[in-house]
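Chemist: Attaching a predicted model along with its sequence, questions to come.
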Amino acid sequence: MLTTALTELLGIPHPIVQGGMAWVATWELAAAVSEGGGLGILGAGSAPVDWVRGQIRSLKAHTTRPFGLNVPLFSPFVEEVVALCIAERVPVVTTGAGNPTPYIGPLKEAGAIVIPVVASGALAKRLVRSGADAVIAEGEESGGHIGSVSTMALVPLVVDAVTVPVIAAGGVGDGRGLAAALALGAAGVQMGTRFICTCECIAHSNYKAAIIKANERSTMVTGASIGHPVRCLRNPMARAFEELEQGGATDEEIIAFGTGRLRRAVVEGDVASGSVMAGQVAGLVHDIVPAAELVRRTVAEAEAALDRLNALRGR
Ligand code: TUI
């Protein structure tokens, strides 16, 4: 058992949070992770509120354990989704891709634990002052929308900046990553890419196969020129995106090109013309396992890594 400030805050056995990935993190995956003793998280993405409500209700029907919902702040439905979290008494709300300050107070008044993703120490400090209960320090190794600081540098910097539990994300794909995050002062980890390759994840089998086939150099970043950097697997879509960006296309043209690409990969399984968002740990993913098994295995690997480190002392 690894008991940390995060397991205490959330009331869960293991300090492992599953990323709330748009299109990918549905109730099936979140239920399996929460039942496995981690924190399962639903990804609201840019989905309308009725779809998100259905997901919350299905998840509640399949687990009585704590769970979360991720709200990306660029969603056109952000206000309604926050109101839904309050009405449905969602226990944990994570936010991403922006500054959630206006929503922290109302969510906390409704009893939610609020955990924003941050990509800098300064934002972490500001959000904790505004009432954030913990923060996710997400490095640029992550898949999807990213900041520009690596996990190794960001996590200790955020740990020093705040007094609340810090969750490390980006570049964590197994128990060695969890042990390393704890060594950096984090109280737990969030894993996204690794959880895509689980039996319960509804992502298309082509998406899972593309991650398993990838190595650590298989990802690239699209969208940086329009201020929306997204890490995904290098494929014909990503190369065309890059050409468009280098060829002086307008922001509108680039946005139009990118729209709908994640859905195409996750739902339709088109891993050539879709955006296969994944982190650099894609290179570490070699199998598809039940999510609860992954949680168990990750904890066992972290405990073994900590034992190995401890055995180095006094030699
Ligand atoms: O949100 C994410 N990752 C995502 S969201 C997403 S959905 C999508 N769909 C289609 C195209 C593009 C994206 C895919 N991946 N991660 C959380 C995250 N938040 N990473 C970095 C940040 C972040 C960055 C800047 C958080 C706050 C921030 O602050 C800026 C500010 O406003 O001060």
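Modeler: That came through, no problem.
Chemist: So what pairs up with the closest residue to the ligand within the chain in the strands?
Modeler: As assessed by C-beta to the nearest ligand atom, the ligand sits closest to Gly144 within the chain, at 2.2 Å. Any C-beta I mention is one placed from the backbone N, CA and C, and that applies to glycine too. Gly144 has these beta-bridge partners by DSSP bridges: Arg231.
Chemist: On the pLDDT front, check Arg40 for me.
Modeler: I think there's a mix-up here, since residue 40 is Gly and not Arg. Gly40 carries a pLDDT value of 98.
Chemist: Actually, Gly248.
Modeler: pLDDT at Gly248 comes out at 89.
Chemist: residues in contact with the longest helix out of those in the chain?
Modeler: The longest helix of the chain (DSSP state H) is helix 291-311. The contact list for helix 291-311 (C-beta atoms under 8 Å, 6 or more residues apart in numbering) reads 1-2, 14, 16, 18, 29, 32-33, 35-38, 40, 174-176, 178-180, 182-183, 191, 194-195, 198-201, 289.
Chemist: Restricted to buried residues, select the residues you listed in ChimeraX.
Modeler: Selection command for ChimeraX covering only the buried members of the contacts of helix 291-311, criterion 16 or more other C-beta atoms under 10 Å:
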select :2,14,16,18,29,32,33,35,36,37,38,40,174,175,176,178,179,180,182,191,194,195,198,200,201,289
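Chemist: Please list the members of the contacts of helix 291-311 that lie in strands.
Modeler: Ile16, Gln18, Gly40, Met191 (DSSP state E).
Chemist: need the residues of the stretch 1-150 of the chain near the ligand, please.
Modeler: Applying C-beta under 6 Å from any ligand atom, we find that the stretch 1-150 of the chain lies next to the ligand at 22, 45, 72, 96-99, 117-119, 123, 138, 144-147.
Chemist: Tell me where the stretch 51-200 of the chain has strands.
Modeler: Counting by DSSP state E, counting those that start in this stretch, the segments of the stretch 51-200 of the chain that form strands are 67-72, 92-96, 113-118, 135-138, 144-145, 166-169, 188-191.
Chemist: can you list the ones you listed in a markdown table and add distance to Met277 and mean pLDDT?
Modeler: As requested, the strands of the stretch 51-200 of the chain are exported to a markdown table (distance: least, C-beta to C-beta, whole Å; pLDDT from 0 to 100):
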| stretch | distance to Met277 | mean pLDDT |
| --- | --- | --- |
| strand 67-72 | 12 | 98 |
| strand 92-96 | 13 | 98 |
| strand 113-118 | 15 | 98 |
| strand 135-138 | 13 | 98 |
| strand 144-145 | 4 | 98 |
| strand 166-169 | 14 | 98 |
| strand 188-191 | 14 | 98 |
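Chemist: now for these, which one comes closest to Gly248?
Modeler: Each of the strands of the stretch 51-200 of the chain was scored for nearness to Gly248 using C-beta to C-beta, and the closest is strand 144-145 (23.4 Å).
Chemist: Which elements pack onto the closest one?
Modeler: strand 230-233 (3 or more C-beta pairs under 8 Å, 6 or more residues apart in numbering; DSSP states H and E).
Chemist: gap between the strand it packs on and the chain center?
Modeler: 14 Å (C-alpha atoms, centre = their mean, to the nearest Å).
Chemist: Which strands and helices lie in contact with that strand?
Modeler: Against strand 230-233 (3+ C-beta pairs under 8 Å, 6+ apart) you get strand 144-145, strand 219-222.
Chemist: Spell out whether that strand and the ligand are in contact.
Modeler: Yes. Using C-beta under 6 Å from any ligand atom, strand 230-233 reaches the ligand at Val230.
Chemist: Residues contacting the helix or strand just after that strand, please?
Modeler: Later in the chain than strand 230-233, the nearest helix or strand by DSSP states H and E is helix 236-246. By C-beta under 8 Å, 6+ apart, the list of residues contacting helix 236-246 from outside reads 220, 222-226, 232, 253-254, 257-258, 261, 272-275.
Chemist: Now the buried members of those residues.
Modeler: Thr222, Gly223, Ser225, Ile226, Cys232, Ile254, Phe257, Gly258, Arg261, Gly274, Ser275.
Chemist: Any chance of JSON lines for the residues you listed, columns distance to Arg53 and secondary structure?
Modeler: Listed next are the buried ones among the contacts of helix 236-246 as JSON lines, based on distance: C-beta to C-beta, whole Å; DSSP: H, G, I helix; E, B strand; the rest coil:
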{"residue": "Thr222", "distance to Arg53": "32", "secondary structure": "strand"}
{"residue": "Gly223", "distance to Arg53": "30", "secondary structure": "coil"}
{"residue": "Ser225", "distance to Arg53": "36", "secondary structure": "helix"}
{"residue": "Ile226", "distance to Arg53": "31", "secondary structure": "helix"}
{"residue": "Cys232", "distance to Arg53": "29", "secondary structure": "strand"}
{"residue": "Ile254", "distance to Arg53": "33", "secondary structure": "helix"}
{"residue": "Phe257", "distance to Arg53": "31", "secondary structure": "helix"}
{"residue": "Gly258", "distance to Arg53": "27", "secondary structure": "helix"}
{"residue": "Arg261", "distance to Arg53": "26", "secondary structure": "helix"}
{"residue": "Gly274", "distance to Arg53": "27", "secondary structure": "coil"}
{"residue": "Ser275", "distance to Arg53": "26", "secondary structure": "coil"}
